[in-house]
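Student: Got a predicted structure plus its sequence, pasted below:
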Amino acid sequence: MTLKKILGPFMGVVALSLVFSWGAFAQTGTTDGNTSSPTQVDGTKPKPLPTDVLQELQQKREDARDDFNEGKEEVRTNAQQTREDIRKETEENRKEMGDAMREANMNARDTIAQKRAEFLEKNEMIREEFKDRLEHAREEAKQRMEEKREEMKERLEEIKDERKKQSLERINEHLNAINERITNHMLKVLERLENILVKIGSRADRAEEAGHDVGAVDNAIAAAQESIRIAREAVLEQASQTYEVDITDEETLREAVEAAKQELRDDLEALKEVIREAHEAVRKAWEALTSIPNVDNVGNDDSSSDDNDDGE
């Protein structure tokens, strides 16, 4: 029996299987792995999906949309809550900062008020102390004048002209009266300058409370205080001086009188110069104050230093 006869029936079965296999493959795809719909292969329409599959797909879409909407709402709610938390925290921080600033301002005002009170108290103590010293110096000057008056009477015995004797006594009294009057006037000038300085300090304190830098004003005030102190000591020294005509003989009386008058004029002119320096120091303090921007809006005291009385 030949091989052909043996394999004949088997080959027929294989060929038939290949035909059916090719038909099934043509409905599902191509040989290169690219899938094709039945319409691409044979032009026929695809079969509609089963109803249960469509319903399942629709339900999944609805579930996905609901999940999305829920997530969006949650995000919106969280954002609103976050904004509310930030707003509350900002308000709390602003309130805390405001409280801290108010407390700092109150402390600053208390400090400035205390400094002002200490300045006024110290100023008043200095005035009272000076008054006591001035009174004591004048009492001593009066005692010296009495002693010199007795000495002068002895020297006047050598002068024969009674009118000249009386004139010399009046001149001595007149010179000392002028000295007392001028020194009293100088003290009043210094008190006015000191009062102006107090007002300048008060305005500077208000400016400092408003947040301005008043360092230059404080320095100028301190310099003016020192200048006033020096001037006051000079007044005290001048108030303790006494003046008399140095009588040697009747022929030189005129020269002796002119020498006594010139001595008084020189001393008073030197005192006036010290008073002018104090006045200038106060003027510089006023200029330092007025150099602060908008200083007129933070104080209303009339602290103008236009008082040009320099002791002339």
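Tutor: Okay, I see it.
Student: Select the longest helix from this structure.
Tutor: Assignment by DSSP state H gives helix 51-156 as the longest helix of the chain.
Student: helix or strand right after that helix?
Tutor: Following helix 51-156 in sequence order, the next helix or strand is helix 162-209 (DSSP states H and E).
Student: counting contacts, what elements does that next one pack onto?
Tutor: helix 51-156, helix 215-239, helix 253-290 (3 or more CB pairs under 8 Å, 6 or more residues apart in numbering; DSSP states H and E). Any C-beta I mention is one placed from the backbone N, CA and C, and that applies to glycine too.
Student: Just want the angle from the longest one to helix 162-209.
Tutor: Meaning helix 51-156. Counting by axes from the mean of the first three to the mean of the last three CA atoms, to 10 degrees, helix 51-156 lies at 170 degrees to helix 162-209.
Student: Now Asp249: closest residue in space, sequence neighbours ignored.
Tutor: Spatial nearest neighbour of Asp249, chain neighbours left out: Glu158 (7.1 Å); criterion: CB to CB, 6 or more residues apart in numbering.
Student: Quick check: the one you found vs Leu193, distance?
Tutor: Glu158 is 48 Å from Leu193, where distance means CB to CB, to the nearest Å.
Student: Name the residue in the two with the higher neighbour count.
Tutor: Set side by side, Glu158 and Leu193 show more neighbours around Leu193, with 25 against 11, by other CB atoms under 10 Å.
Student: residue contacts, the closest residue to that one other than its chain neighbours?
Tutor: Leaving aside its chain neighbours, Leu193 sits nearest to Val282 (4.9 Å; criterion: CB to CB, 6+ apart). For Val282, the contacting residues are 193, 196-197, 200, 224, 227-228, 305, by CB atoms under 8 Å, 6 or more residues apart in numbering.
Student: can you rerun that using 7 Å?
Tutor: The contact partners of Val282, by CB atoms under 7 Å, 6 or more residues apart in numbering, come to 193, 196-197, 224, 305.
Student: helix/strand/coil for the residue sitting nearest the centre point of the chain?
Tutor: In the chain, the C-alpha nearest the mean C-alpha coordinate belongs to Gly211, at 3.1 Å (CA atoms, centre = their mean). What DSSP: H, G, I helix; E, B strand; the rest coil gives for Gly211 is coil.
Student: that older thread, who wins on neighbours among the contacts of Val282?
Tutor: Ala224 leads the contacts of Val282 on contacts (other CB under 10 Å) with 28 neighbours.
Student: So for it, what pLDDT did the model give?
Tutor: On pLDDT, Ala224 comes in at 95.
Student: quick one on the thing from earlier: how much space between the residue nearest to Asp249 and Ser167?
Tutor: Distance from Glu158 to Ser167, by CB to CB: 15 Å.
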